[in-house]
Each structure stands twice: as C-alpha cells, then as structure tokens.
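In: One predicted model, sequence on top.
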Amino acid sequence: MVNLNLLNMSDDVLRSALRSGNLTVAVYGMGYVGTAIAAVWLRAGARVIGVDVDVDKVRRFEACEFKLSDRQVEGELKRLRDRIRYTTDGVEASRLSNVKIVTVPIYLGKDKRPVFDAFKSALEGIARGLKAGDLVIIESSVPPGTTMDVALPILEGVSGLRVERDFALAYSPERIYVGRAIADIEERYPKVIGGVGPVSSRVAAALYGSIAKKGVMVLSNPTAAEFEKLAEGVYRDVNIALANELAQLARLLGLDFDEVREAANSQPYSNIHKPGPGVGGSCIPVYPYFLMYAAERVGFNMRLTQTARGINEYAPAYVVELVKTAANELGVARPKVAVLGLAFRGDVDDTRLSPSYDIVNYIRGSMDVVVHDPYVTHDKTLEEWGIRLTNSIEEALREASVVVIATDHSEYGKLTLGKIAELTGLGRVAVVDARHMIKDWKSPPPGVIYLAVGRPLTSVK
C-alpha cells in the first residue's frame with residue numbers, strides 16, 4: 001500500500017492515484033453489494049481488500065472457487081484477481097488501505113427494530129486501523145442519523161483521530177439491482193454522496209466521480225443521503241401496496257388488473273407497479289422500518305408507510321387464501337402443493353426475506369409442499385422445516401394438485417396451463433399465479449383451474 005493523505009490531495013491527483021493503482025480500497029462485507037463495489041473499484045484501477053467475517057467464504061474467494069448470481073461481477077473479480085486479496089481481519093485491512101467502504105448490513109430484530117451489532121463491529125475494526133489521510137464511506141442502508149450518531153463516535157473514539165482534520169467520512173448509498181450492478185454504478189445512476197463536512201464530500205466526490213459516468217450528487221449532509229436511499233425504497237413499497245390492494249379488488253369485481261393497470265399507466269402521471277405475493281429482498285421490506293424507527297425518535301407517526309407495509313406483509317397470506325380456494329374447488333382435503341420459486345425475484349438466487357417462505361410456512365402443516373427453484377440449490381430454512389427443494393420442474397410438478405407460481409423466473413414464463421397439467425399427471429389441477437406468468441390463462445384446458453392475484457377465476461370443467 002502507498003501511504004497517501006487523501007485530504008491534502010487535489011481532485012486530479014486523487015483520480016490519478018486511483019487510475020495508477022496507488023489507491024487501496026478495503027470493502028467490508030462481501031455479499032451481493034460488497035462484491036459489486038469491489039469489482040467496480042478494481043475496474044477503476046484500485047487495489048482491493050475484501051473483508052468478511054465468514055471464514056469459509058473468504059477461503060472460497062481466495063481460491064477463486066466462488067460463484068455469484070451476478071455473472072459479470074463474478075467474472076471481473078476472477079479476471080482481476082491479481083489486484084484483490086481477501087481477509088477476515090478488518091483491522092489489518094484498515095491499516096493496509098486508504099479507503100474503507102462499509103457494506104455490512106443492519107438487520108431487523110424480531111421487534112422490527114434495527115440491530116447494529118455487525119455494523120458497529122466492522123466500524124470498530126476500521127477505527128483500530130484508521131490512519132491520518134484515510135477516507136471511510138458507508139454504503140450500507142441505515143436509519144437516518146446513523147453516520148453521525150453511530151459511525152462517527154466509534155471512528156473518532158477508537159482511533160483518537162478527528163474527522164475533517166485527520167480523516168474523511170461520507171455516506172453514499174448503494175443503488176444497484178442484483179444482476180446488473182456494475183452498469184448501475186458505472187453508467188445508470190448518479191452517485192449520491194453526503195459528507196460530514198466539505199473536505200469529506202470533496203474527497204469522496206472526486207473518487208466516485210471517476211467511476212460514475214452519470215456524475216455525483218453531493219447532498220448537504222450524510223443524514224440527507226441516508227434518507228434519500230430509504231425514500232427510494234419506501235416509494236416502491238407504498239406503490240406495490242397500492243397495486244396489491246387494487247388487484248385484490250379487481251379480482252372480486254371479475255376484472256383483469258393487468259388490463260386496468262396498462263390503461264391507467266398510459267396517463268403520464270400514473271405509474272402503478274405490479275401486484276404480487278409480497279415484497280422480498282434485503283431492501284424494500286426493511287427500509288420502512290428504518291424510517292419508522294427514525295420517525296419514532298422525533299415523535300412522528302408514519303401512518304401511510306406503516307399501512308403500506310402491513311398490506312404487503314399480508315400479501316403472502318392472500319396467496320394462501322387462493323391456494324385454499326383452489327383446494328376447495330378441486331375437492332382435495334390435503335393437496336400436494338408445488339411452490340415455484342424461492343428467490344424473491346426472477347432469475348437470481350437471492351432468497352432474502354422472500355415471500356415464498358411465508359407462503360410455505362402458512363401451508364406446510366396442512367398440505368404437502370415441495371419447492372422448485374432453478375437457481376437455489378439448498379436452503380437451511382426449508383431443511384429445518386423438512387420441505388423438499390428441487391431444481392427439477394418435472395419432479396416438483398409430479399402429482400401436484402395445486403401449483404403456486406411465487407417468483408417471476410423467466411423459466412416459468414414459458415409454462416402453459418396445458419404443460420403444467422401434463423407434468424402433474426393428474427386429471428384436475430389448479431394453478432395459483434401470483435406473478436402473472438401464465439399467458440394462456442383465459443383459455444385453460446379441461447380440468448385446469450386458474451387463480452391469480454388480480455385476475456378472475458377461470459376454469460373448464
């Protein structure tokens with residue numbers, strides 16, 4: 001590592017240090033976000049240290065024996081392996097780096113309140129190795145105020161250094177979609193940055209300005225940048241809740257919500273999202289609670305955000321009601337149910353907070369369940385529940401009287417009602433389409449019952 005004082009360097013010199021490989025960046029947390037960020041900084045010219053507490057994960061990365069759902073990120077980490085090393089030692093990584101980027105997540109506890117333990121532990125490691133002239137960037141999604149009220153006291157208190165004088169600190173939210181993360185960072189969106197002061201903002205903006213082709217948006221402070229990230233997610237959560245509520249009403253009225261939605265969105269001021277079985281992933285289901293946590297601390301009640309979260313958390317139970325309706329229509333007391341899709345969205349292996357877990361959990365005591373996913377090969381939760389997970393669509397559908405499409409994997413979009421019935425081998429079968437993947441739903445073959453979120457029941461006796 002080259003000893004650099006980033007705070008004293010001009011913007012041009014900072015960018016030159018990055019391009020020439022004289023800058024070392026430590027990325028804390030090698031998950032979906034951290035791996036993408038590491039790949040981007042490698043592509044920009046930096047040397048990178050990937051830090052993670054998972055010893056087995058670090059071993060796999062060191063041996064280049066890892067597989068990621070984002071193939072481009074995987075390819076770049078392997079292609080540029082000579083400039084990246086991995087470690088579980090966060091203190092050493094801090095000592096050996098000029099820039100430290102935190103992507104360690106803040107989780108929700110059982111009480112839906114943020115748990116900062118892992119996040120704080122990463123910061124303490126950084127602080128013990130922090131040097132004069134270094135830059136710390138927090139990219140984890142956090143409750144507003146976290147950079148100033150949690151991160152800054154740890155960094156200053158443990159290191160004995162002072163922000164803006166000795167080191168720089170900024171919050172810069174990740175804005176990526178797994179599967180296209182590199183393009184999101186480098187090409188698709190401007191990079192939002194909120195420094196704790198003008199020095200921190202300038203240093204972070206100069207470096208990220210070399211990476212983000214859409215430029216940098218420097219906000220007034222870290223709390224504004226933290227809030228901005230959560231606002232993006234809560235907007236989507238509220239919009240999806242609206243779509244789910246409208247879709248449920250459309251079904252009761254015998255209407256196809258897709259038809260209604262398409263017409264409504266032809267008006268430029270309408271952008272109604274798609275309904276579904278719930279909202280998964282580590283972002284949208286979590287962000288409302290981060291904002292509600294911050295609101296509670298200042299005595300504000302976020303009624304709309306709370307109501308929308310409740311609607312989306314009910315969505316898996318609504319799908320289960322459709323499953324029960326399907327079983328009653330078939331006259332089967334204890335059906336075999338094939339749940340298609342464990343990942344929270346299509347064509348990735350990311351199962352974090354997937355609504356499929358809720359669907360399976362609600363029915364596993366009263367129905368026989370098998371789960372199919374083309375990308376997920378094993379799952380601890382399903383193993384604990386005694387639920388079989390398979391990558392074979394034929395195995396999953398065999399003798400399944402109810403089929404639930406819970407994830408929008410492109411593979412499921414190729415299924416027809418006739419094909420599903422054929423693979424079950426049964427004379428009567430019901431399909432519960434929570435993702436609107438079936439195209440021939442208006443003309444089901446004999447013996448097939450079709451139910452969906454936002455579509456009327458259709459069947460041919």
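Out: That came through fine.

In: Break down the stretch 151-300 of the chain into its helices, ranges please.
Out: 152-159, 181-183, 198-209, 222-252, 257-264, 287-297 (DSSP state H, counting those that start in this stretch).

In: Spell out, range by range, the helices that occur in the stretch 301-450 of the chain.
Out: 303-330, 355-363, 380-385, 393-397, 410-413, 417-424.

In: Of these, flag the one that's most buried.
Out: Among those, ranked by average contacts under mean count of other CB atoms under 10 Å, first place goes to helix 355-363 (a mean of 23). Where C-beta positions appear, they are placed from N, C-alpha and C, glycine not excepted.

In: quick one: strands adjacent to the worst-scoring helix or strand of the chain on mean pLDDT?
Out: Within the chain, confidence by mean pLDDT, DSSP states H and E is lowest for strand 455-459 among all helices and strands, at a mean of 83. Note on strand 455-459: by DSSP bridges, its sheet partners are strand 448-452 (antiparallel).

In: Let me know the angle separating the partner strand from helix 417-424.
Out: 110 degrees (axes from the mean of the first three to the mean of the last three CA atoms, to 10 degrees).

In: Return the distance of strand 448-452 from the chain's centre.
Out: Relative to the centre of its chain, strand 448-452 is centred 30 Å away, using CA atoms, centre = their mean, to the nearest Å.

In: With just CA atoms, put that strand into CSV.
Out: Taking C-alpha atoms only, strand 448-452 is exported to CSV below (Å, rounded to 0.1, in the frame of the first residue of the first chain):
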residue,chain,number,x,y,z
VAL,A,448,-57.5,-26.9,-15.0
ILE,A,449,-58.5,-24.2,-12.6
TYR,A,450,-56.6,-20.8,-12.8
LEU,A,451,-56.5,-18.3,-10.0
ALA,A,452,-54.3,-15.2,-9.7
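
In: Gly61 and Tyr375: what is the separation?
Out: Slight slip there: residue 61 is Phe, not Gly. Going from Phe61 to Tyr375 by CB to CB, to the nearest Å gives 20 Å.

In: what about these two, which has more around it?
Out: Taking other CB atoms under 10 Å, Phe61 and Tyr375 do not tie; Phe61 has more neighbours (23 against 18).

In: Arg398 and Val429: what is the separation?
Out: 11 Å.

In: next one: Arg71
Out: Arg71 is 35 Å from Val429, by CB to CB.

In: can you give me the helices in the stretch 1-150 of the chain?
Out: Under DSSP H, counting those that start in this stretch, the stretch 1-150 of the chain gives helices at 11-19, 32-44, 55-62, 71-79, 90-95, 117-129, 146.

In: who has more neighbours, Arg398 and Val429?
Out: Comparing Arg398 with Val429 by other CB under 10 Å, the one with more neighbours is Val429, at 28 against 15.

In: Isn't the more buried one up against Val448?
Out: Yes - assessed by CB atoms under 8 Å, Val429 is found in contact with Val448 at 5.7 Å.

In: Residues in contact with both of those two, list them for me.
Out: 420-421 (CB atoms under 8 Å, 6 or more residues apart in numbering).

In: about what we covered before: how about the helices of the stretch 301-450 of the chain in JSON lines, adding distance to Glu156 and mean pLDDT?
Out: Shown next, in JSON lines, are these (distance: least, CB to CB, whole Å; pLDDT from 0 to 100):
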{"stretch": "helix 303-330", "distance to Glu156": "33", "mean pLDDT": "96"}
{"stretch": "helix 355-363", "distance to Glu156": "40", "mean pLDDT": "98"}
{"stretch": "helix 380-385", "distance to Glu156": "39", "mean pLDDT": "97"}
{"stretch": "helix 393-397", "distance to Glu156": "54", "mean pLDDT": "97"}
{"stretch": "helix 410-413", "distance to Glu156": "49", "mean pLDDT": "96"}
{"stretch": "helix 417-424", "distance to Glu156": "60", "mean pLDDT": "96"}
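
In: Need those in a markdown table (columns: distance to Val53).
Out: Below are the helices of the stretch 301-450 of the chain laid out as a markdown table (distance: least, CB to CB, whole Å):
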| stretch | distance to Val53 |
| --- | --- |
| helix 303-330 | 30 |
| helix 355-363 | 24 |
| helix 380-385 | 18 |
| helix 393-397 | 35 |
| helix 410-413 | 34 |
| helix 417-424 | 43 |
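
In: Among the ones you listed, single out whichever gets nearest to Tyr269.
Out: Evaluated with CB to CB, these place helix 303-330 nearest to Tyr269, the distance being 18.7 Å.

In: Specify the angle between the closest one and helix 355-363 in degrees.
Out: Relative orientation of helix 303-330 versus helix 355-363 (the same axes, to 10 degrees): 50 degrees.

In: which residues does Thr458 bridge with?
Out: Tyr450.

In: Surely it touches Ile438?
Out: No - if you go by CB under 8 Å, Thr458 and Ile438 don't touch, sitting 10.3 Å apart.

In: overlap in contacts of the two?
Out: Tyr450.

In: Would you mind telling me which of these two has more residues around it?
Out: Just comparing Thr458 and Ile438: by other CB under 10 Å the higher neighbour count belongs to Ile438, 22 against 16.

In: Roughly how far does Val61 sit from Val55?
Out: Actually, residue 61 is Phe rather than Val. 11 Å.

In: Based on its surroundings, how many neighbours for the residue nearest to Ala224 when sequence neighbours are not counted?
Out: Nearest residue to Ala224, sequence neighbours excluded (CB to CB, 6 or more residues apart in numbering): Gly194, at 5.5 Å. Neighbour count for Gly194, taken as other CB under 10 Å: 27.

In: how many other residues sit next to Leu252?
Out: 8.

In: Against Val319, how distant is it?
Out: Leu252 is 15 Å from Val319, by CB to CB.

In: I'd say Leu18 and Val203 touch.
Out: No - using CB under 8 Å, Leu18 makes no contact with Val203, being 11.4 Å away.

In: got any ranges where this protein has weak pLDDT?
Out: 1, 459-461 (pLDDT under 70).

In: Domain-wise, how is it divided?
Out: Using automatic domain parsing, the domains assigned to the chain come out as 6-220, 232-461.

In: Kindly reformat the ones you listed as TSV and extend each row with distance to Glu226.
Out: Putting those into TSV (distance: least, CB to CB, whole Å) gives the following:
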stretch	distance to Glu226
domain 6-220	5
domain 232-461	9
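
In: What is the burial count for the closest residue to Ala93 other than its chain neighbours?
Out: For Ala93, ignoring the flanking residues on the chain, the nearest one in space by CB to CB, 6+ apart is Ala26 at 4.1 Å. If you count neighbours by other CB under 10 Å, Ala26 ends up with 30.
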